[in-house]
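Q: Provided below for reference: sequence and predicted model.
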Amino acid sequence: MTDHIQITRPDTHPGVLVLRFHRPDKKNAITQAMYQKLTAGLLEGEADESIRAIVFLGSEGCFSAGNDMADFLGFAMAGAVGEPAAFGLLKALTEVTKPLVSGVDGLAIGIGTTLHMHCDLTVASDRSLFKTPFVDLALVPEAASSLLMPRTMGHQRAFAMLVMGRTMSADDARVAGFVNTVVAPGHAEVEAHKVAREICALPAEAVAISRR
């Protein structure tokens, strides 16, 4: 697979599985191989009863700049058979029963934004920026965002993001309802781990039933 996705189980946070984007030279743009490893990580966490929460993290200053368009174009032009690897991740996101937490510290573009629609709680630093420039690229909204965003933030905010490509700050995202807490730069990861530890300390069955 790829080292651009790091899957770890921090010794200091028992019960937590971390999926980290680690391609800072490309602003964590996501390739087919990265999608495959993210999916494998999610399924690993779901299958392991010792894992009580899964955390998505990026690097300092950037969560993800979205899909690596050159990689996707290469996939399409090669005449590859079967679904793009991104579909596997989206399917896994709908099936995983473990709580999903995300920590954002900087840019979150495209799937870097829509991924958080599938998380149970998102922490963002106040330098974070969320943007979904799909229409600018002659594309349509992805990852069920056209369903989830209006439910979360209302039609007009969703229209501004998904159709007009307007950028949303961390504070605006908190008001809109898809960021729970805004922290200082460099603190999103710490706060995300804190949330995950709190979840791990709760009765697992009650958490699963209540989440469902």
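A: Nice, I can see it.
Q: For the protein, name the helix or strand with the lowest mean pLDDT.
A: Taking mean pLDDT, DSSP states H and E as the measure, the chain has helix 69-77 as its least confident helix or strand, at a mean of 69.
Q: Pull the residues that contact the helix or strand just after it.
A: The helix or strand immediately downstream of helix 69-77 is helix 85-95, counting by DSSP states H and E. With contact meaning Cβ atoms under 8 Å, 6 or more residues apart in numbering, helix 85-95 is reached by 30, 32-33, 35-36, 38-39, 42-43, 46, 67, 100, 111, 115, 118, 142-144. From N, CA and C alone the C-beta is placed, and that goes for glycine too.
Q: hmm, 6 Å instead?
A: Helix 85-95 is contacted from outside by Gln32, Tyr35, Gln36, Leu38, Thr39, Leu42, Leu43, His118, Ala143, using Cβ atoms under 6 Å, 6 or more residues apart in numbering.
Q: count of neighbours near Ser146?
A: 15 (other Cβ atoms under 10 Å).
Q: just Ile51 next, same as before
A: The burial count for Ile51: 17, using other Cβ under 10 Å.
Q: Three-state assignment for it, please.
A: coil (DSSP: H, G, I helix; E, B strand; the rest coil).
Q: Would you mind confirming that it makes contact with Gly45?
A: Yes. Contact criterion Cβ atoms under 6 Å: Ile51 and Gly45 qualify, at 4.4 Å.
Q: That's all I had, so thanks and see you.
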